[in-house]
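*Asks:* I'll drop the sequence and a predicted model, then ask my questions.
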Amino acid sequence: MGHRPEVGAGVENRDLTGWTVLVTGATSGVGRETALALGRLGATVLVHGRDHDAGRRVTTEIDESGGESIFFSADLTEMERVTLLADEIRNRTDSLDALVNNAGAHFSEGQLTSDGVEKTFAVNHLAPFVLTHSLRDLLPDDGRVVTVASEVHRRADGTFDVTEIDDYDGLDAYARSKLANILCTSELARRLDGPTANCCHPGFVPSTRLWRNGSLRVQIGVGILARLPRLLTRGFVDTPATGATTSVYLAASPEVADVTGAYFSECDRVAPSSTARDDRLTEEVWELSEELSGVTWPAVQ
């Protein structure tokens, strides 16, 4: 049967019947394994993705495991489409016990979206920023927001020139977007009145479709790692199932019911980079995110 995220997270006996959870980027990789695990625990899973056929396969598997599911299709590149996705979700549920912002992308070539924002930053950071804002009032007092970040954030230097693509580097852009995830998680934790907000590193998962837009060299490299025997890569390469463990832990474990504003790896709270703990940079990136996305969060009382 292989690794099951809920077992690794120590929540295999947790009953999530009556819960509704949204997992973005849930049609493949870590997101798919997260959605399947939460479905096996009894939750109604709102499955987001772009591929209808892949979405149908995930929802069928969830339904057959005893959970319930609904598929939502949306490209998260444009902020207007993210807002429409939120509207579609609001039309199907009035409560969201957990929101798992999992969807992410890596682009080898610099591109600006129609909103004038560097594409990696738009998909990996602004999309969950807008989606969480749009769905925040569906979260109950004990609701949870989980955002999948990355240890790659340690590569970022804290500059956020995200409206231009001069001297673009795909890995730097990815690191910058993940640093923004962590910075804004700490601020989100301050602004949510009741629900928690945490983020996590899923591990290095070469078999995920995250790298599908990477350069040929990147695709070849991760492709080789994904095909090596598990015995040779254990310890530094994760499967989608092991990569989903911390997301499932943060979404479902009673152990973190009252933990907020934290960064986790392998189900343990860890310190992110010093840049990710910079209060002034947190404020700057939050304000930049509001400006670029066109949404305004209520001020902290």
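*Replies:* Cool, got the structure.
*Asks:* now the most centrally placed residue in the chain. Nearest residue, chain neighbours left out?
*Replies:* By CA atoms, centre = their mean, the mean C-alpha position of the chain lies nearest to Asn102, the distance being 2.2 Å. Counting by CB to CB, 6 or more residues apart in numbering, Gly31 is the residue found nearest to Asn102 once chain neighbours are left out, at 4.0 Å. Any C-beta I mention is one placed from the backbone N, CA and C, and that applies to glycine too.
*Asks:* need the contact list for the one you found.
*Replies:* Val23, Thr24, Gly25, Gly49, Val100, Asn102, Ala103, Ala244 (CB atoms under 8 Å, 6 or more residues apart in numbering).
*Asks:* so how far is the regular element (helix or strand) spanning it off the chain centroid?
*Replies:* Taking DSSP states H and E as the criterion, Gly31 maps to helix 29-40. In this view, helix 29-40 has its centroid 12 Å away from the chain centroid, taken as CA atoms, centre = their mean, to the nearest Å.
*Asks:* average model confidence for the helix or strand following it?
*Replies:* The C-terminal neighbour of helix 29-40 among helices and strands, as given by DSSP H and E, is strand 44-49. Averaging pLDDT along strand 44-49 yields 98.
*Asks:* just the strands in this structure please.
*Replies:* Across the chain, reading from the start of the chain, the strands by DSSP state E fall at 20-23, 44-49, 68-73, 98-101, 144-148, 196-201, 263-265, 268-270.
*Asks:* so the helix holding Gly31 versus strand 68-73, what angle?
*Replies:* Using axes from the mean of the first three to the mean of the last three CA atoms, to 10 degrees, the inter-axis angle of helix 29-40 relative to strand 68-73 is 150 degrees.
*Asks:* next, the buried residues of helix 29-40.
*Replies:* Taking 16 or more other CB atoms under 10 Å as the neighbour-count basis, helix 29-40 is seen to contain the buried residues Gly29, Val30, Gly31, Arg32, Glu33, Thr34, Ala35, Leu36, Ala37, Leu38, Gly39, Arg40.
*Asks:* of all the residues you listed, which comes closest to Ser273?
*Replies:* Sorting the buried residues of helix 29-40 by distance to Ser273 puts Val30 at the head of the list, at 21.6 Å, by CB to CB.
*Asks:* tell me what the closest residue to Thr59 other than its chain neighbours is bridged to.
*Replies:* What sits nearest to Thr59 in space, not counting adjacent residues and going by CB to CB, 6+ apart, is Ser69, at 4.1 Å. Following DSSP bridges, Ser69 is listed with bridge partners Val45.
*Asks:* pretty sure Ser69 sits against Val58.
*Replies:* Yes. Taking CB atoms under 8 Å as the definition, Ser69 is a contact partner of Val58 at 7.2 Å.
*Asks:* where does the prediction get shaky in the stretch 151-300 of the chain?
*Replies:* Applying pLDDT under 70 to the predicted model, the residue ranges of the stretch 151-300 of the chain that meet it are 205-238.
*Asks:* one step back: what angle sits between the helix holding Gly31 and strand 144-148?
*Replies:* Helix 29-40 and strand 144-148 meet at an angle of 150 degrees, taking the same axes, to 10 degrees as the criterion.
*Asks:* helix 29-40 vs strand 44-49, what angle?
*Replies:* With the same axes, to 10 degrees defining the directions, helix 29-40 sits at 160 degrees from strand 44-49.
*Asks:* and the angle for the longest helix belonging to the chain with strand 196-201?
*Replies:* If each helix of the chain is counted by residues according to DSSP state H, the longest one is helix 170-191. Helix 170-191 and strand 196-201 are oriented at 160 degrees to each other (the same axes, to 10 degrees).
*Asks:* what residues of helix 170-191 count as buried?
*Replies:* Residues of helix 170-191 classed as buried under the neighbour-count rule (16+ other CB under 10 Å) are 170-189, 191.
*Asks:* how far out from the middle of the chain is stretch 132-151?
*Replies:* Its chain's C-alpha centre and that of stretch 132-151 lie 10 Å apart, by CA atoms, centre = their mean.
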